[in-house]
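*Asks:* the following block contains a protein sequence and its predicted model.
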Amino acid sequence: MHFFKAGVLAACCAAALGAAPATADIYMYRDTRGGLHFSNAPSEPQYHYYMADAVWTNGKFRRWGHVWSDPKRHKAYDQIIRAAAQRHQVDEALVKAVIRAESDFVPDAVSPKGALGLMQLMPATARMRGVWKVFEPTQNVEGGVRHLRYLLDRYSGNLRLALAAYNAGEAAVDRSGGVPPYPETIEYLARVMRFRDGYLQGQFAD
C-alpha cells in the first residue's frame, strides 16, 4: 500500500562514495488536480526524476539526486506523530520510518494504486480507521498508527509480519505463512527497518 514500486536499485552514488548500500531513484508527477504521484519504477511517461534514495556515508545520512528532499518537511509532523504513537503505544521511530518509506512526509502523496497521504492509507483502510479527511495530517497519522497497532496485535508483536501486512495486506501474509515473497514487500521491509534504525540511533540529520 505504499507508493514505491519495486525497481532496479541504482548503486552508482554509493559506489562512487565507497558506501555499501544501494539506492533507488524516485520519480514523481503532479496530476491535474494537484496530487503528487511517486514511484521508483515509473511506467507512465508523465513521471520525471525527483531524487535518489538515501545512502549512508561515513556514518551520516545523505541524500543525492537532482532535487533534494526538504529536511524541514521531515520534522513538520513530529508532534502529531509523537502524540499518535504514545496514544496507541507504537514506537515513534517506527511511525516515522513508515511515513518516510511511504510518502517521504509529503501529506498529499497519491500512489499509483490509490494509497493516500502521509501514511499512504488505502481508501478502505482509511474508512475502517475512521479517517475521512485523508490528506489532513493529524487524521492520516492517527489512522495509520491505529492500523499499525492493530497489525502488531494481530501478529503478536512480530514487527516484520505487521509491516508486511501494512504493505501487502493481511491476506497475502496469511497465505504465505510469513512475509510474502514479493520483491516490493521485501524491499519495503528493508527500507522501513533501515529508516527505523536510523531514527533510533539519531543518525538522521533532519
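*Replies:* Good, I have the coordinates.
*Asks:* list the contacts of stretch 167-181.
*Replies:* Outside of stretch 167-181, the residues within contact range by CB atoms under 8 Å, 6 or more residues apart in numbering are 1-2, 151, 154-155, 160-161, 164-165, 182, 184-186, 188-189. C-beta here means a position set from N, CA and C on the backbone, and glycine is covered the same way.
*Asks:* which of those are buried? Put it as a PyMOL command.
*Replies:* PyMOL command restricting the contacts of stretch 167-181 to the buried ones, with burial defined by 16 or more other CB atoms under 10 Å:
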select buried, resi 1+2+151+155+161+164+165+184+185+186+188+189
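*Asks:* lowest-confidence entry in the contacts of stretch 167-181?
*Replies:* The lowest pLDDT within those belongs to residue 2, with 43.
*Asks:* rewinding a little: now intersect the contacts of stretch 167-181 with the strands, please.
*Replies:* Of the contacts of stretch 167-181, none are assigned to strands by DSSP state E.
*Asks:* tell me the one of the contacts of stretch 167-181 nearest residue 131?
*Replies:* If you rank those by distance to residue 131 using CB to CB, residue 1 comes first, at 13.4 Å.
*Asks:* next, residue 37: secondary structure please.
*Replies:* Here residue 37 is recorded as strand under DSSP: H, G, I helix; E, B strand; the rest coil.
*Asks:* that's all I had, so thanks and see you.
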